[in-house]
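got a predicted structure plus its sequence, pasted below:
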Amino acid sequence: AAAMNRSRLATVALGAAAAVCALGAAAWWASAERLEFYSGAGVQNASAADHEARDILWRSPEKLGDALDSESDSFESSVPSGGPTANNELLFARVSADGDTDLYSAERVGLVWSEPRPLAALNTLHNEQSPRLSPEGAWLYFTSDRPGGEGGLDLWRSPRTSGGWGEAENLGPAINTRADEAQGVIDPGTGALWFASNRERAVEPVDEGEIAPPSDGGFDLYHVQRSGAEMVASLSSLADDVAPAFSPVGDFVYFASAREGGAGGMDLYRARVTKGEAGAVR
């Protein structure tokens, strides 16, 4: 089957790039006027009445360094929060001279990022993007339209080895379909896989109290339960919902959506996650 068209690929990539920055939305939540509970290093959801008030330190965005500059588009970056390279490895996708996308990584030494290097063991002449490490760092999940999948974009993973990354494996028909599956990420609280897909909806989503018709090709959020991949109805809308990303302990899921009620285009949203189930969208 053919891969998704360029405009749809760009939409998904934009959503992923936005969601990687989703923790910045916590600055809004952390204002003194609103906060009843807050999170900090070693303290999750502690009552403000039981702890001294303190500032949440957010700095203005800054370039990561000249070593990461490129004339080609670089996007869908992620920094592992766990595993052997926690906070010191940058994974991302970059457009190659041939027009496809490949996976790259850079290492941080002190405050300086190294020159990016392609993940040669995983890159092909097809598209590889959306790199995400599992919480313990043992697996690298990514998206590709290479041969050997179910069709369109599929979810793949590769094991970490002593020499780098092992042979990539397709996650199979229980997860992938002839439609597009992308942006797989592991919930650190439950170990469940979450992802975005534009497959035919099997469950009617919830969107501000309305019942949605079958999918028109837009993306929804899914997670893998014992019965298989299920749409996360509480987060999916009539618009594109993409790029799930979790807080370090899995108590919040962040994502990007083009739904009505936002500022326009792709906006950032979040929901509390309890025992693997997402609550109301904020």
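Nice, I can see it.

buried residues in stretch 230-245, which are they?
Buried residues in stretch 230-245, defined by neighbour count with 16 or more other CB atoms under 10 Å: 231-233, 235-245. C-beta coordinates here come from the backbone N, C-alpha and C atoms, glycine included.

any low-confidence regions in the stretch 101-250 of the chain?
For the stretch 101-250 of the chain, the stretches with pLDDT under 70 are 202-217.

pairing partners for Val273 in the sheet, please.
Beta-bridge pairing for Val273 (DSSP bridges): Ala278.

show me what contacts it?
187, 189, 246, 250-253, 279 (CB atoms under 8 Å, 6 or more residues apart in numbering).

same deal with Pro173?
Glu150.

same deal with Thr101?
93-95, 127-129.

ok, the residues you listed vs Asp145, which is closest?
Nearest to Asp145 out of the contacts of Thr101 is Asn127 (CB to CB; 5.1 Å).

my read: that closest one touches Asp98, true?
No. Counting by CB atoms under 8 Å, no contact exists between Asn127 and Asp98, whose distance comes to 10.6 Å.

mind giving me the packing neighbours of the host helix or strand of Arg157?
Assigning secondary structure by DSSP states H and E places Arg157 in strand 154-161. The contact analysis (3 or more CB pairs under 8 Å, 6 or more residues apart in numbering; DSSP states H and E) places strand 154-161 against strand 139-144, strand 169-170, strand 181-186.

could you export it as CSV, CA atoms only?
Provided in CSV are the C-alpha atoms of strand 154-161 (Å, rounded to 0.1, in the frame of the first residue of the first chain):
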residue,chain,number,x,y,z
ASP,A,154,3.8,1.1,10.5
LEU,A,155,5.2,0.9,14.0
TRP,A,156,8.5,-0.9,14.4
ARG,A,157,11.0,-1.4,17.2
SER,A,158,14.7,-2.3,17.6
PRO,A,159,16.5,-3.8,20.7
ARG,A,160,19.5,-2.0,22.2
THR,A,161,22.6,-4.1,21.9
